[in-house]
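S.K.: predicted coordinates and the sequence they were generated for:
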Amino acid sequence: MTTTTAAAVVESAGAGFTFSDVELADPRPDEVLVRIVAAGVCHTDLGVAGGHLPFPLPGVLGHEGAGVVEATGSAVTRVRPGDQVLLSFTSCGTCANCRDGHPAYCATWLPLNLIGGTRADGSATLSRDGENLGGHFFGQSSFARHALVDERSLVKVPADAPLDLLAPLGCGVQTGVGAVWNVLAPRPGDAIVVTGAGAVGLSAVMAARLTPATRIIAVDRVPERLALARELGATHTVDTTGTDLAEAVADITGGEGANGVVETTGNTGVLAAAVGTLAARGTAVIVGAPAFGTTVPIDVNFMIPGRRVVGLTLGDSETQSLIPVLVDLVASGRLPVDRLVKHYKFEEIGQAVADVVSGATIKPVLRF
C-alpha cells in the first residue's frame, strides 16, 4: 500500500521549492519508511535545484534527514519501527571500496546518490499523479514528511537524541570532520588551514580542535564567521579581503607552511592559493566542488617534495562507525553543532534557502 506525503518539489531547474502531495512506493526488502522530523539544507541541494547537476526534475531533494522509522522491509535488520535514525548517503555494499570500508567511494555512488533519481535498477521511489518523480536522492529524498530510505543510508541513534540538531551530521558535519580525521590525521604540532567558514569548514575546525594540531587557521572574508571560528577552536584567522593567504600562513607557521589544508569554498582561486601554503609532505583536501570540468593549474616542481592534493566525498566516512561517535561528541558538548544551526519550519524552506545563499544562516535545519 503506497504512502502519500507532502514534499517540497523542484519542478524545473531554478524554479525553487513548491509543496505537493507525492506517493512513495512500498518498501522493498532493504528499504525503510521514515517519518521525517528534521532535515538540513545543504549547498548540494541548491546546486541540484539550480540545474547544475543532471538530476531528473521534477524531483524531491534533501539528504540530511532525521526521523522515526515507521515500517521496514523484510530483510532490514538494523532498525525496527519506532527507532530514531539519522539519514546519510547510500552505497552498494558489495564493491571493492565498500568492502574496504570506504562506501563514500562506492563504484555506483554517483547514480545511487547524486544524479540518478532512481533505485539502482531504474525503478522510481516517488511518483505524483501516476508520473514518476526524481527521488532516491542520497538514498532518501528527505525534503518530505516521509521518505523511503535505503537501509544503508540510515544510522540508528538513541531514543532521546535531538534529531533537529543532529540532522546535519549526515552530510555537512561528517564531511568536515572526516576531512580532518580520516584524511589529514594531524600529528602533534601540525598546522591546519581551513578555507571557508561555512558549515563544512567550521565542522573541520571543531574536528581539528580534537586533534594534536596546535595551529588551526580559519580563512574567510566574513568577520562574523571568523569570530565564530575562533570560538569553535581556531587558533588563528585570516580575512583574505585585505590579506595575502600565503604570507599569512607563512607568518603563522614560521615559514614552514601548512601540514594540512581543507578547502571548502569550491572557488578555484582559493584552492590554488591554499595548495600554495602547503609544507613539504603536506596534504590539501578538496571538499568544495565547482562546476564539472573545472581545472586548476599545479606547479609540478612545487608538488615534488611530497605535497599531495586529494579529493574528498562525504568525509571518506563509514557512517555506521563515525556518526554514532559524532552523536556522542555533540551530546557531551565537545562538538557544538548547535552554534551552526538555525531552525525553520518545513513550510519556510524558501526562506531557509534564501538565508543560506545570502550567508545569513550557516546551517538551516527544517523542522517537520
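M.R.: Yep, that arrived.
S.K.: where in the protein is the helix or strand with the lowest mean pLDDT?
M.R.: Lowest by mean pLDDT, DSSP states H and E among the helices and strands of the chain is helix 43-49, with a mean of 93.
S.K.: contacting residues around it?
M.R.: Contacting residues not belonging to helix 43-49 are listed as 10, 13-17, 53, 55, 61-63, 114, 137, 143, 171, 198, 353, 356-357 [C-beta atoms under 8 Å, 6 or more residues apart in numbering]. All C-beta atoms are positioned from the backbone trio N, CA, C, and that covers glycine.
S.K.: am I right that D328 sits in a helix?
M.R.: Yes: in this structure, D328 lies within a helix as judged by DSSP: H, G, I helix; E, B strand; the rest coil.
S.K.: from V365, how far out is it?
M.R.: Using C-beta to C-beta, to the nearest Å, D328 is found at 20 Å from V365.
S.K.: okay, those two: which has more neighbours?
M.R.: The neighbour comparison of D328 against V365 (other C-beta atoms under 10 Å) goes to V365, with 24 against 13.
S.K.: can you pull the pLDDT of the residue nearest to L329 when sequence neighbours are not counted?
M.R.: In space, and not counting its chain neighbours, L329 is closest to L335: 3.8 Å by C-beta to C-beta, 6 or more residues apart in numbering. At L335, the model reports a pLDDT of 98.
S.K.: can you give me every residue that contacts L335?
M.R.: When the contact criterion is C-beta under 8 Å, 6+ apart, the partners of L335 are 173, 177, 206-207, 210, 326, 329.
S.K.: phi, psi for it please.
M.R.: phi -130, psi 80 (degrees, to the nearest 10).
S.K.: what's the neighbour count on E31?
M.R.: Counted with other C-beta under 10 Å, E31 comes out at 26.
S.K.: and the closest residue in space to A107 that isn't next to it in sequence, how many neighbours?
M.R.: Computed as C-beta to C-beta, 6+ apart, the closest residue to A107 that is not its neighbour in sequence is C95, at 3.9 Å. Close neighbours of C95, defined as other C-beta under 10 Å, add up to 16.
S.K.: so what does the host helix or strand of S321 touch, helix or strand wise?
M.R.: Applying DSSP states H and E as the criterion places S321 in helix 319-331. Judged by 3 or more C-beta pairs under 8 Å, 6 or more residues apart in numbering; DSSP states H and E, the packing partners of helix 319-331 are strand 154-157, helix 163-166, helix 172-178.
S.K.: mind putting those into a markdown table with mean neighbour count, distance to T108 and mean pLDDT?
M.R.: Formatted as a markdown table, those follow (neighbours: other C-beta atoms under 10 Å; distance: least, C-beta to C-beta, whole Å; pLDDT from 0 to 100):
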| stretch | mean neighbour count | distance to T108 | mean pLDDT |
| --- | --- | --- | --- |
| strand 154-157 | 23 | 18 | 98 |
| helix 163-166 | 20 | 27 | 98 |
| helix 172-178 | 29 | 20 | 98 |
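S.K.: can you put those in JSON lines and add distance to A25?
M.R.: Listed next are the helices and strands packed on helix 319-331 as JSON lines, based on distance: least, C-beta to C-beta, whole Å:
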{"stretch": "strand 154-157", "distance to A25": "17"}
{"stretch": "helix 163-166", "distance to A25": "24"}
{"stretch": "helix 172-178", "distance to A25": "28"}
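S.K.: out of these, nearest to T283?
M.R.: Among those, helix 172-178 comes nearest to T283, with 13.6 Å by C-beta to C-beta.
S.K.: which residues does that closest one contact?
M.R.: Outside helix 172-178, the residues that touch it by C-beta under 8 Å, 6+ apart are 40, 42, 64, 88, 199-207, 262, 264, 287, 312, 314-317, 319, 322-323, 326, 335, 337, 363.
S.K.: from the middle of its chain, how far away would it be?
M.R.: Mean C-alpha position of helix 172-178 versus that of the full chain (C-alpha atoms, centre = their mean, to the nearest Å) differs by 6 Å.
S.K.: C-terminal to that helix, what's the next element?
M.R.: strand 191-195.
S.K.: so what does that following strand touch, helix or strand wise?
M.R.: helix 199-209, strand 215-220, helix 245-252, strand 258-263, helix 268-275.
S.K.: okay if I get these as JSON lines plus mean pLDDT, distance to N182 and mean neighbour count?
M.R.: Formatted as JSON lines, these follow (pLDDT from 0 to 100; distance: least, C-beta to C-beta, whole Å; neighbours: other C-beta atoms under 10 Å):
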{"stretch": "helix 199-209", "mean pLDDT": "98", "distance to N182": "10", "mean neighbour count": "29"}
{"stretch": "strand 215-220", "mean pLDDT": "98", "distance to N182": "17", "mean neighbour count": "27"}
{"stretch": "helix 245-252", "mean pLDDT": "98", "distance to N182": "23", "mean neighbour count": "17"}
{"stretch": "strand 258-263", "mean pLDDT": "98", "distance to N182": "11", "mean neighbour count": "28"}
{"stretch": "helix 268-275", "mean pLDDT": "96", "distance to N182": "19", "mean neighbour count": "20"}
